[in-house]
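Asks: Please find the sequence and the predicted model below.
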Amino acid sequence: MIKHPSVVGVLGHGIVKQGVQEYIAIGMELVVGESYEDYLKANGGKIDWQSAAEDFRQIVTGMQAVHRLQVVHRDLKPANLMRKKNGLCIIVDFGLSKNTTNAMGTASMTGAFKGTPAYSAPEVSLGSEHVTLSTDVFAMGVIFYEVSISNREI
Amino acid sequence: MTLSASSLLQQASHAAATVRGKASASVTLSNNLSYTFDPSKPLGKGNQGAVFAASSTQDGSLIALKLAEKKSVRIYSKTRLHLQTFRYNHVHKRISKPQPFTFPVKFTNILSHLRTHQLSSTSADSTTVFTEVTFQINSDRAVMIESTSTSK
């Protein structure tokens, strides 16, 4: 269990059946705020570097706590970062996360591409066995670049 | 996952009130606590599922509940990155015989890693059809120009 002010608390998991379809359910703290994607849009796609630096300090320390447990988020992007009104940034949606020390540490499909291409490191294309903690670092770099200069393309 | 920004709490409260007011779905999580939620009122939808406001049957407290479809089919694939959109459009929909298609290439950061303008790769989907696909990459679009499939 990851406990960090910048990481959403996961309360538990379960299975929900609706007819013949089964769903994997993940219970998380309800974070009231706006996604960083919406926050960016509201600010014309760019925020001042001081605010960006402070937001990223929080996100990076949160990811540091996640990586200490050898967990890769695998889908870091502005839509998966929440920003509260008080400025607290929280990393959410660990639905694709993977424990790099445990082959069974993921509920996602084996062999399928995971993540959001625009934020994925090039090595992700070579297969899930190439996903490491650095994959998240690449995504954070893309996000920071996007936030800083209002452009994702690198 | 994008949760609607300013009205999220209002939505969550409304969803919780709805949940309390009428029959809905329920789930017991691994923490041994049960929650109810209204499947028809997601707070937001993302690539991998939808998020709902769920109310504890014990104390009424609210949580975010993410639901993702449980896949019963393992998809075997050696698909390269430039086939991602192809796979999402076709393999994930379990179409064993791909049809010609085009899709917008938005991932210039990825495409910049590609040395040639003509790509070929292989993929195998869950229906055990092995498919070889060739793409022609234009300025902003990738066009599938050839595909073959054989049984494994």
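Replies: Good, I have the coordinates. Numbering: from 1, shown residues only, chains lettered A, B, ... in the order given.

Asks: quick one: contacts of whichever strand or helix holds A:I143?
Replies: Using DSSP states H and E, A:I143 sits within helix A:133-149. Identification of contacts with helix A:133-149 by CB atoms under 8 Å, 6 or more residues apart in numbering or on different chains yields A:36, A:40, A:46-47, A:49, A:52, A:55-56, A:59-60, A:63, A:66-67, A:70, A:72-78, A:81, A:100, A:115, A:118-121, A:123-124, A:151-152, A:154, B:109. The C-beta positions use only the backbone N, C-alpha and C, and glycine is treated the same way.

Asks: likewise stretch A:54-67?
Replies: A:2-7, A:36, A:47, A:73, A:76, A:81, A:83, A:87-91, A:97, A:133, A:136, A:140, A:143-144, A:147.

Asks: So which of the contacts of helix A:133-149 sit within helices?
Replies: With helices taken from DSSP state H, the overlap with these comprises A:Y36, A:L40, A:W49, A:A52, A:D55, A:F56, A:I59, A:V60, A:M63, A:V66, A:H67, B:N109.

Asks: Just the buried residues of those residues.
Replies: The neighbour count (16 or more other CB atoms under 10 Å in any protein chain shown) marks A:Y36, A:L40, A:A52, A:D55, A:F56, A:I59, A:M63, A:V66, A:H67, B:N109 as buried among the ones in helices among the contacts of helix A:133-149.

Asks: which among the residues you listed gets closest to A:Y23?
Replies: A:V66 (24.5 Å; CB to CB).

Asks: distance of the residue nearest to A:G27 when sequence neighbours are not counted from A:K77?
Replies: Leaving aside its sequence neighbours, A:G27 sits nearest to A:L11 (CB to CB, 6 or more residues apart in numbering or on different chains; 4.0 Å). To A:K77, A:L11 is 23 Å away according to CB to CB, to the nearest Å.

Asks: and what of A:I24?
Replies: Relative to A:K77, and taking CB to CB, A:I24 is found at 21 Å.

Asks: same thing with A:L30?
Replies: 20 Å.

Asks: Ok, A:V142 next?
Replies: Going from A:V142 to A:K77 by CB to CB gives 8 Å.

Asks: Quick check: neighbours shared by these two?
Replies: A:A118, A:Y119.

Asks: Nothing else from me, thank you.
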